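Q: Give me a 3D structure for the following:
(one chain, ligands or ions: 2)
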Amino acid sequence: MNQPRTDSPTTEATPPDIVRAAYMELVVTDLAAAREFYVDILGLVVTEEDETAIYLRTLEEFIHHNLVLRVGDEPAVAALAFRVRSPQDLDRAEDYYRDLGCDVRRSAEGFVRGIGAAVRVQDPLGFPYEFFYETEHVARLAWNYERYGAGALVRLDHFNQVYPDVVAGAAYLEDLGFKRTEDIRDDDGITYAAWFARKHTVHDTALTGGDGPRMHHIAFSTHEKHNILYICDKLGALRRSDCIERGPGRHGVSNAFYLYLRDPDGHRVEIYTQDYYTGDPDNPVVTWDVHDNQRRDWWGNPVVPSWYTEASTVLDLDGDPVPLQQRQEAKEMDVTIGADGFSYTRKGETDHGFKLGNQV
Ligand code: XXG
Ligand code: FE2
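A: Ligands and ions are numbered 1, 2, ... in the order given. The predicted structure follows:
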């Protein structure tokens with residue numbers, strides 16, 4: 001089992017040119033239950049399936065899949081995969097991570113169906129990252145309205161990763177070529193979370209401060225905010241409201257409309273829509289005060305504790321769980337909720353906490 005590195009290695013090597021977050025490989029314990037959740041309820045499209053794995057995509061996608069559900073004994077995350085700009089970027093990825101001293105594996109046939117040559121690494125933070133260019137193209141169903149309606153999930157938007165040292169994690173991601181778009185900090189210089197983009201949205205991945213490395217969530221986008229309300233109504237009608245963890249709501253960070261669900265194995269899925277364009281080179285970074293009660297929910301609704309504390313185990317390249325490192329710095333939940341925490345809606349005033357969870 002590989003211990004994640006705790007120092008911050010650097011390299012002069014050229015990083016791979018990452019285009020976007022492309023797919024995640026999730027290990028699920030009951031494939032039929034996972035299929036019901038992701039296909040029958042959320043409407044993801046099955047590209048291929050067999051007794052051990054299901055390959056799913058969103059409705060606007062043309063690459064083979066955005067999500068692989070693979071059956072296993074314990075819920076976990078086997079890969080966070082990024083598409084790179086050219087086949088040569090695989091050489092760059094290989095050299096870059098070897099230089100950082102990471103475990104690196106290259107497969108000419110690819111690690112999963114529908115993806116060609118790929119490089120998998122256990123990155124310096126301990127996460128299993130994959131880089132690929134070659135992929136089977138499949139039908140983009142964007143015009144197939146007979147196949148979908150309200151609640152349609154149209155793209156994979158982002159990943160979110162839990163890691164104890166957000167500053168060190170951010171330095172690694174920025175060296176890798178990600179652009180920071182937003183973060184949450186306090187006046188003592190502690191960073192609680194940060195968001196990083198390659199495509200021109202608010203993020204392809206984010207770091208949430210906490211015991212890690214763990215996977216916080218995968219987010220799919222839908223076109224309209226009313227689609228999110230439809231998904232909530234549908235879950236209620238199906239007597240599946242207990243999979244709603246947080247929301248629906250409007251984020252402060254990213255400005256997106258959101259909903260968080262938990263799949264049958266507890267993996268967290270966000271439904272997300274309507275963040276903003278970030279593609280200019282001088283796109284301004286938005287910094288939020290951790291005590292601003294509107295940072296994570298623009299309407300001031302409290303974040304449920306499970307959202308801060310629970311996350312999915314990640315696997316190393318041998319398929320073993322990566323051991324956790326504890327966060328040493330203050331935790332966002334502790335400084336904003338409960339007896340020791342405080343938050344404000346108007347700076348200079350203290351909230352009187354009539355919304356559950358924000359008591360001072
Ligand atoms: O995608 C996101 C999130 O990382 O899931 C969380 C955008 C914003 C937020 S936050 O809860 O900070 O508003
Ligand atoms: Fe998110």
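Q: CA only for contacts and neighbour counts going forward, please
A: OK.
Q: Sketch out the low-pLDDT regions of the stretch 201-350 of the chain for me.
A: Regions of the stretch 201-350 of the chain meeting the criterion pLDDT under 70 are absent.
Q: That one: strands as residue ranges?
A: All strands of the stretch 201-350 of the chain, identified by DSSP state E, counting those that start in this stretch, fall at 205-209, 214-221, 244-250, 257-262, 268-273, 286-289, 312-313.
Q: Out of these, the one nearest D99 is which?
A: Nearest of those to D99, taken as CA to CA: strand 205-209 at 22.9 Å.
Q: near ligand 1, which residues of the chain?
A: Contact residues (CA under 6 Å from any ligand atom) of the chain with ligand 1: 251-254, 295-297.
Q: and those residues, which two are the farthest apart?
A: S254 and D297 (10.4 Å).
Q: what about the residue most central in space within the chain, helix or strand, and which?
A: For the chain, the residue nearest the mean C-alpha position is F159 (1.8 Å; CA atoms, centre = their mean). Assigned by DSSP states H and E, F159 belongs to strand 155-163.
Q: got the CA coordinates for that strand in PDB?
A: Extracted C-alpha coordinates of strand 155-163, given in PDB (Å, rounded to 0.1, in the frame of the first residue of the first chain):
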ATOM      1  CA  ARG A 155     -22.600  16.900 -18.800                       C
ATOM      2  CA  LEU A 156     -20.100  15.900 -16.200                       C
ATOM      3  CA  ASP A 157     -19.200  19.200 -14.600                       C
ATOM      4  CA  HIS A 158     -16.600  18.500 -11.900                       C
ATOM      5  CA  PHE A 159     -15.000  16.400  -9.100                       C
ATOM      6  CA  ASN A 160     -14.500  17.500  -5.500                       C
ATOM      7  CA  GLN A 161     -11.700  16.000  -3.400                       C
ATOM      8  CA  VAL A 162     -11.200  16.100   0.400                       C
ATOM      9  CA  TYR A 163      -7.600  16.800   1.400                       C
END
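Q: Return the set of buried residues in the helix or strand following that strand.
A: Going down the chain from strand 155-163, the next helix or strand is helix 166-175, by DSSP H and E. Neighbour-count burial for helix 166-175, with 16 or more other CA atoms under 10 Å as criterion, is recorded at 166-173.
Q: Counting by contacts, list what helix 166-175 packs against.
A: Under the contact criterion of 3 or more CA pairs under 8 Å, 6 or more residues apart in numbering; DSSP states H and E, helix 166-175 touches strand 191-197, strand 205-209.
Q: partners of the shortest one in the sheet?
A: In this case it means strand 205-209. strand 155-163 (parallel), strand 191-197 (antiparallel) (DSSP bridges).
Q: As TSV, those strands with mean pLDDT would be great.
A: Listed next are the strands paired with strand 205-209 as TSV, based on pLDDT from 0 to 100:
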stretch	mean pLDDT
strand 155-163	99
strand 191-197	98
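Q: who wins for proximity to L67 among these?
A: Among the strands paired with strand 205-209, strand 155-163 sits nearest to L67 (CA to CA), with 8.7 Å.
Q: Let me see the contact set for whichever residue of the chain sits closest to ligand 1.
A: Nearest residue of the chain to ligand 1: R296, at 3.1 Å (CA to the nearest ligand atom). R296 makes contact with 251-253, 303, according to CA atoms under 8 Å, 6 or more residues apart in numbering.
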